[in-house]
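Asks: Below are the sequence and a predicted model; questions follow.
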2 protein chains.
Amino acid sequence: MSEYQVIPPRSGTAFILKKNQSLTVIDIEGEQVADLMCYNLNDTNEYLSSGRTIDYAGKIFLTSGDPFYSNRSNVMFTITGDTVGRHDFLLTPCSSEMFRIIYGDDKPHKGCFGNLCEALEPFGIRSDQVPVTFNVFMNVSVESVTGKITVLPPLSKAGDSLTLVAEMDLLVGLTACSAGMSNNFCFKPIGFRLDP
Amino acid sequence: MSEYQVIPPRSGTAFILKKNQSLTVIDIEGEQVADLMCYNLNDTNEYLSSGRTIDYAGKIFLTSGDPFYSNRSNVMFTITGDTVGRHDFLLTPCSSEMFRIIYGDDKPHKGCFGNLCEALEPFGIRSDQVPVTFNVFMNVSVESVTGKITVLPPLSKAGDSLTLVAEMDLLVGLTACSAGMSNNFCFKPIGFRLDP
């Protein structure tokens, strides 16, 4: 595998991905999740929309070939490679509020939400602008009859990856996930690489 | 049934719902959908979040007793009555872009998205602030293995209703849905009532 940058466990980063550039997200050790959010670089009021993407795709599980839409129904990126095939697009990032509400943590970690907010803040993004994210490698099952969701260990093994190509200039936020349940209770790094 | 206001077919409205007031949404004729969006009346940057609500509920189908959370993880409202039990919280409202992309309409209707934007604009809400809505009576199935979603006719019959109680002062947008597929291809009105 060629070189890549590393996001340390329970942290996040933000970067610019120009139109036609590709981003590859790499699960270095396996069973780790990376929450991804993106904005139109030239107007950050335009952002990745789970609801529009799922509606137009006709499915909740997105993979190679699927376009991802903004809140204005423009294509932001398309997945061009995916060695795993199971990712989540229903849930907001883990957050201190989530750790408090679901797990009862008294001193909760800031979570992927806090990490995304910190990484995106220098680009002018406010915390209220971080909605449902595309949670790469996150394995959330949905029970058809009851609608029950279950967060399961990721299907990704060491070296698995997802590649997307930007269809517009993007500001991207990306994390190595902070929620135990999402990564089989072992916090790990995430790798990523930008290609021209 | 006591008195109620009527939202004509393929239109929308907006109103204030004060804390502890209840809103009842009524399917007057049956098999009709009402898209609902809400904001903290005192800070409209706080809005209804599908991702946080689904995460904390542990399910995608919400009904009586379930609290609905904002993007800041505060409870906005709780469902206190529901004679149907099946609503959608995955999809953005139907929109001119949706009619164009999914149905290939050359001159698409503005949809619930356009109706919500128009109704909420006098309250200072911008179109970019209308995300995934809570789609009352909308019947969207999810196939567990493939993730395929299917929009089915609502399960609601004439006179069915959903009641929620506000847990904070809310600005609410509500529609009588404009998408044929959501209401079994017959556009109908929606009733609603506010109780003290």
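Replies: Yep, that arrived.
Asks: Is there proximity between the lowest-mean-pLDDT helix or strand in chain A and chain B?
Replies: Ranked by mean pLDDT, DSSP states H and E, the weakest helix or strand in chain A is helix A:96-103, scoring a mean of 93. Yes - counting by Cβ under 8 Å from any Cβ of the partner chain, chain B has neighbours in helix A:96-103: A:97-98, A:101-102. No exception for glycine: its C-beta is placed from N, CA and C like everyone else's.
Asks: repeat for stretch A:133-153
Replies: Yes - Stretch A:133-153 reaches chain B (Cβ under 8 Å from any Cβ) through A:133, A:141-144, A:146-150.
Asks: Quick check on these: which are buried?
Replies: Those of the residues of stretch A:133-153 next to chain B that meet the buried threshold are A:133, A:142, A:147, A:149, by 16 or more other Cβ atoms under 10 Å in any protein chain shown.
Asks: And the most far-flung residue of chain A relative to its centre, how far from residue B:64?
Replies: The centre of chain A is farthest from one residue, residue A:145, which by Cα atoms, centre = their mean lies 27.0 Å away. Distance of residue A:145 to residue B:64, computed by Cβ to Cβ, to the nearest Å: 18 Å.
Asks: Chain B contacts on chain A?
Replies: A:45-47, A:49-52, A:54-56, A:58-61, A:71-73, A:90-92, A:95, A:97-98, A:101-102, A:126, A:128, A:130-133, A:141-144, A:146-150.
Asks: at 7 Å what do you get?
Replies: By Cβ under 7 Å from any Cβ of the partner chain, the residues of chain A that approach chain B are A:45, A:49-52, A:54-56, A:58-61, A:71, A:73, A:90-92, A:97-98, A:101-102, A:128, A:131-132, A:141-144, A:146-149.
Asks: What subset of the residues you listed is buried?
Replies: A:49-52, A:54-56, A:59-61, A:71, A:73, A:90-92, A:97-98, A:101-102, A:128, A:131-132, A:142, A:147, A:149.
Asks: Tell me which of those residues fall in helices.
Replies: A:50-52, A:54-56, A:97-98, A:101-102 (DSSP state H).
Asks: Select, from these, the two members most distant in space.
Replies: A:56 and A:101 (31.2 Å; Cβ to Cβ).
Asks: hmm, back to that, looking at the ones in helices among the buried ones among the residues of chain A next to chain B, which is nearest residue B:107?
Replies: The closest of those to residue B:107 turns out to be residue A:56 (Cβ to Cβ; 19.3 Å).
Asks: which one is residue A:69 nearest to, not counting chain neighbours?
Replies: residue A:52 (4.3 Å; Cβ to Cβ, 6 or more residues apart in numbering or on different chains).
Asks: these two touch, right, residue A:40 and residue A:46?
Replies: Yes - using Cβ atoms under 7 Å, residue A:40 is in contact with residue A:46, at 3.8 Å.
Asks: longest helix in chain A, by residue count?
Replies: If you go by DSSP H, chain A has its longest helix at helix A:111-120.
Asks: Can you point out the buried residues in it?
Replies: For helix A:111-120, a neighbour-count test (16+ other Cβ under 10 Å) marks A:111-120 as buried.
Asks: Run the chain-centre distance for stretch A:91-110.
Replies: Its chain's average C-alpha position is 17 Å from that of stretch A:91-110, according to Cα atoms, centre = their mean, to the nearest Å.
Asks: I meant stretch A:33-42, not that one.
Replies: So, by Cα atoms, centre = their mean, the centroid of stretch A:33-42 is 7 Å from its chain's centroid.
Asks: before we move on, what about stretch A:22-39?
Replies: The answer for stretch A:22-39 is 6 Å, by Cα atoms, centre = their mean.
Asks: again with stretch A:78-90
Replies: For stretch A:78-90 - counting by Cα atoms, centre = their mean - the centre lies 10 Å from the chain centre.
Asks: what does stretch A:100-118 give?
Replies: With Cα atoms, centre = their mean, you get 16 Å for stretch A:100-118.
Asks: Could you tell me the end-to-end distance of that stretch?
Replies: Start and end residues of stretch A:100-118 are separated by 20 Å (Cα to Cα, to the nearest Å).
Asks: contacting residues around that stretch?
Replies: Residues from elsewhere that reach stretch A:100-118 (Cβ atoms under 7 Å, 6 or more residues apart in numbering or on different chains): A:10-12, A:35, A:37, A:92-96, A:98-99, A:127, A:130, A:173, A:175, A:177-179, B:56, B:73.
Asks: what does stretch A:177-196 give?
Replies: Identification of contacts with stretch A:177-196 by Cβ under 7 Å, 6+ apart yields A:2-10, A:17, A:21-29, A:31-35, A:94, A:109, A:111-112, A:115, A:138, A:151, A:153-154, A:174, A:176.
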